[in-house]
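*Asks:* Pasted the sequence and its predicted model underneath.
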Amino acid sequence: MADTIFAFATGEMRAAIAVMRVSGPAARKVADVVAGGGLIPRMAAVRKLRHPVGGDVLDEALAIWFPGPASFTGEDCLELHVHGGGGVRRALVSALLSIEGCRSAQAGEFTRRAFLNGKLDLVQVEGLGDLLSAETELQRRQAVSNFDGGLSRQALSWRAMLLDAAGLIEAVLDFADEGDAPDDVESEVRRILADAVVSMERELEASRYGELIQRGARVVISGPPNAGKSSLLNALARRDVAIVTDVPGTTRDLLEVRLDVDGLEIVLVDTAGVRETADPVESIGVARALAAAREADLVVRLYPADGPDGYEGFEACPGNVLPVISKCDLLDKTKPKHEGILYVSTADDATIRRLIDKLRDHFLGGDRDPSPSLLTNLRQVDCVVRAVRNARAAAEQDFSAGLEIAGFHVRGALSALSELAGAVGADDVLDVVFAKFCMGK
Amino acid sequence: MNAWDENFDVIVVGGGHAGCEAATAAARMGAKAALVTNSFATVGSMSCNPAIGGLGKGHLVREIDALDGIMARMADKAAIHYKLLNRSKGPAVRGPRIQADRKLYLQAVQAELAATPNLTIIEGEAAQLIRAGKRIAGLELSDKRRFGCGSIIITTGTFLRGVIHIGERRIPAGRVGEAPSMSLAASFEEFGFELGRLKTGTPARLNGSTIDYSGLEAQPGDSEPELFSALTGGQYNRQVDCFITRTTPETHRIINENLHRSAMYSGHISGRGPRYCPSIEDKVVRFADRDNHQIFLEPEGLAVTTVYPNGISTSLPEDVQTAYIRSIPGLENVEIERFGYAIEYDYIDPRELRPTLETKSVTGLFLAGQINGTTGYEEAGAQGVVAGINAALCAAGSEQVVFSRADSYIGVLIDDLVTRGVSEPYRMFTSRSEFRLALRADNADRRLTALGIGIGCVGKIRRERFESYSSYVSEAMELLTSLSVTPNEARAAGLQVNQDGIRRTGFELLAYPNLDIGSLERLWPQLAGISPSVRKAVENDARYHVYLGRQSAEIQMLKAEESRQLPGMVDYEAIPGLSAELKARLASIKPVSLGQAARVEGMTPTALAILLSHVQKSSRQENAA
């Protein structure tokens, strides 16, 4: 059965509406599971979209079901018109990827299927060539800029590792009768596969996209006791979740609030005020606060306006710490304001909204600090995840009885990386074999 | 002018492995066929090593057999040493191989050709191809005889402007003692084909009665021979051993000191040689840290003492060959019967071919074998079968056939050639197939024989045998799928399976490498009736079943794309959005299908979509006009 492919027909641009197109045998499952089913062919219907894992509502969308063969590609197709925010779009992609047989489409793949099924005349053929050539130009520029970049270097190094593994395996399989073939490559292949998996997983872990979409962004609110952390949390959540008093050290445990900012789930964590304390209960809270801050994607560091003037050094805050002056309504209005620091007061709704904007920009903004991960979009994450899965499957094989199956998986891993590092052909593998061994009778 | 001495449907030029398969395949198709050779006495010669098969190559021979070709049957008739390579590894990478008695092989091939109905043998030198417009019309021999034909297959191997190099000596020849073909090369140039130059080499031949085997390691053949052909009932000849020896530091010293006298190292040869079949000079230079290289001493026959020392092909002069060969253990007093040499020859860029092996520019002209840049008897024979089938179809005005990468190594071979061209002589490896687990030596008949029956190249005997065999396989498959057990029941019968509570069919149980039909008989005694060859087929299918399922989407897509034809005349320059390199490559390859276009080097999904939309647009405009 063919894969089911999906892509935003509206491209990567941000707009009020994004149109997701799904084509292939699993489109019906997407219609049933994500869009709730019961769609009438070619009739638009409003549907709550749900994540297949956990059932969370992703968005309220317009869904249209085009059963094959009377569809754009000739296959079963589903169109989902969702809100255009980055978070909704990402959540939808994550939901689709969790359905078996679904993957994101390569450029031009819908057209290719339409052509195969004799449907290309449904397309505005005249315009398509121009559109695609524009797309190619864009891709070419992206490819060129990527080529010098860290990702392509990293992907090429994974490719080289996996090619080495493939070459060693093929040297044994394809040259068994040719005297100087190696007898045992198992330990070397296993070492290479393990190294490649470790390196790829490290990159996946560092990838904010992969992680963020799965579990949401963790934002820890920190600051000295009575800096207004809990009040801020309440203001952000617009409901009373933390006990707020004026006695320093009231919050002794972590409290979590989940916010939906443009579809991205932001988990706000209120922490115990960080200070030296003799109270055993409070000291546990402090320890947890420090641990939470270490695991956070972002720390909102509060400097209370009525506290000691400790915020002078805020410019030195690292990239994952957002300095904020809280209780700014208590400030001496005559003093000049600092540039580049956010002033917030729970009494002033506009300042709270500015903070939310700032959070959104931090996680979803286009040109924030370069991501610590080289993997900057879901497609790339998807490639590396598949490569890891295949490399692991190869390593699980019994090399004496199933070396050709290990080879099958290594090939799968290389093919998963092909979009990042270029396709691998039989000759690339043979090049490795001939470079390493004196083959041939 | 157009008075022909005789008319044929298909003429085959050349009596090597490609020519013999091509001529017999065309004849099996019912075409009136002729094979033109300089000398019938040399037809069926094994010009290089006396072995057939191996990894990838053994797969090809089984595929030739599945299409009712001759190579596998001939190999069985001449086999004096059977070896199934990778016997201990998975079934997909096991390759049958034999050592042949050179003379028995040649005799078997000549007898086969002589007994083939519809086939005429013509002795003479092919001199000139005759065209009528863009179509082939006939062939003129150097003695001025002229034969008309519907289609023609050129299988001249290394004869096209062949030059043999031994040290500094250069001898124009197609093989030792046989004149090269010069005028035919001119014909090709006149037709505007791209010619390139390749080289290959062969070692000296030794007098086996002067070899001291006492200290050498014997390599016996398999005690249970894996016969090549489905039609062979049993072993024909007595089996003999091969022996293994090794080069010494002294050998390497002699070679190093005389490198400047090697034809290859002194710059006499421009053609590129194969990396997987390096000369001993290459091995010594490129792997300088090794102090020995393995040599297989392969007997060339039962009645002759000639031995083929596999692993030391060379273009060094005779005195150096004698010196280094005698520095090898066991060969201290050896007599050399014939010296090794390198041979350089013209090949035609295979991107000039359609996947049917017909040239794109001349209708009815087919090329097969080494002339297309390949090496090896098996690669040549495989192309011969395809060219023979298609030349017969072409002569009859019928639609030709294309073998898919998804179905056969034959498909892989031809697609690689016509899509990617060659930079060194092309040899088959199992790693060249992306569907290796599906393309096994053991299932070649189930992959191809039904197809061959449909094409019309399979005779009655094989058809009947295949039909009964494949019905036994399906029955066994159905039986094993209908039987199932729980893990507990399996354990009670002494079978190790995952204790996960999942009910498994007999077929699913066979996916466990430690289980075979024999072990399942404990659960189901009714399996005892399944014959050994059927067992093997079902067990191997079951072993890879889950992986094959994963590849089926890929195979489906490949086949769908291959069935989409692209028009022959596309102005690639006029397509916006394709890179200049890709345009140039497409213009030279002229892909015939969407599938082939997708495999052109540098093709991206977007570029493919652009190509499609362009092709669609032009065909619309044509329809409208």
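*Replies:* Received, thanks. Predicted model, so just to flag it, every value in this text is computed and none were measured.

*Asks:* Can I take it that B:Asp407 is in a helix?
*Replies:* No - counting by DSSP: H, G, I helix; E, B strand; the rest coil, B:Asp407 falls outside a helix, being coil.

*Asks:* who touches it in this structure?
*Replies:* B:Leu439, B:Arg447, B:Leu448, B:Leu451 (CB atoms under 8 Å, 6 or more residues apart in numbering or on different chains). No exception for glycine: its C-beta is placed from N, CA and C like everyone else's.

*Asks:* For stretch B:493-509, which residues meet the burial criterion?
*Replies:* For stretch B:493-509, a neighbour-count test (16 or more other CB atoms under 10 Å in any protein chain shown) marks B:Leu495, B:Val497, B:Arg504, B:Gly506, B:Phe507, B:Glu508, B:Leu509 as buried.

*Asks:* Strands along the stretch 101-250 of chain A, start to end?
*Replies:* Under the criterion DSSP state E, counting those that start in this stretch, strands of the stretch 101-250 of chain A are mapped to A:102-104, A:217-222.

*Asks:* okay, these in a markdown table with mean neighbour count, distance to B:Ala598 and mean pLDDT next?
*Replies:* As requested, those are exported to a markdown table (neighbours: other CB atoms under 10 Å in any protein chain shown; distance: least, CB to CB, whole Å; pLDDT from 0 to 100):
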| stretch | mean neighbour count | distance to B:Ala598 | mean pLDDT |
| --- | --- | --- | --- |
| strand A:102-104 | 20 | 18 | 85 |
| strand A:217-222 | 24 | 40 | 82 |
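
*Asks:* just so I know, which of these lies nearest chain B?
*Replies:* Ranking the strands of the stretch 101-250 of chain A by their distance to chain B (criterion: CB to the nearest CB) puts strand A:102-104 first, at 10.8 Å.

*Asks:* and the stretch 351-500 of chain B, which residues reach chain A?
*Replies:* Selection of the stretch 351-500 of chain B residues close to chain A by CB under 8 Å from any CB of the partner chain yields B:Asp416, B:Phe429, B:Thr430, B:Ser431, B:Arg432, B:Ser433, B:Glu434, B:Arg436, B:Leu437.

*Asks:* What about those residues, which are in helices?
*Replies:* Judged by DSSP state H, helices contain the following of these: B:Asp416.

*Asks:* Run a quick neighbour tally on the closest residue to chain A within the stretch 251-400 of chain B.
*Replies:* The nearest approach of the stretch 251-400 of chain B to chain A comes at B:Gln294, 2.9 Å away (CB to the nearest CB). Residues lying near B:Gln294 (other CB atoms under 10 Å in any protein chain shown) number 17.

*Asks:* Can you list phi and psi of it for me?
*Replies:* Listed backbone geometry of B:Gln294 is phi -70, psi 140, with angles given as degrees, to the nearest 10.

*Asks:* what bridges to it?
*Replies:* Legend: beta-bridge partners of B:Gln294 under DSSP bridges are B:Arg246.

*Asks:* thinking again about what came up before, of the residues of the stretch 351-500 of chain B next to chain A, just say which sits nearest to A:Ser345.
*Replies:* Of all those, A:Ser345 sits closest to B:Glu434, with 63.9 Å by CB to CB.

*Asks:* What's the separation between the closest one and A:Leu414?
*Replies:* B:Glu434 sits 11 Å away from A:Leu414, taking CB to CB, to the nearest Å as the criterion.

*Asks:* which one of the two has more residues nearby?
*Replies:* Shown here are B:Glu434 and A:Leu414; by other CB under 10 Å, A:Leu414 has more neighbours (25 against 20).
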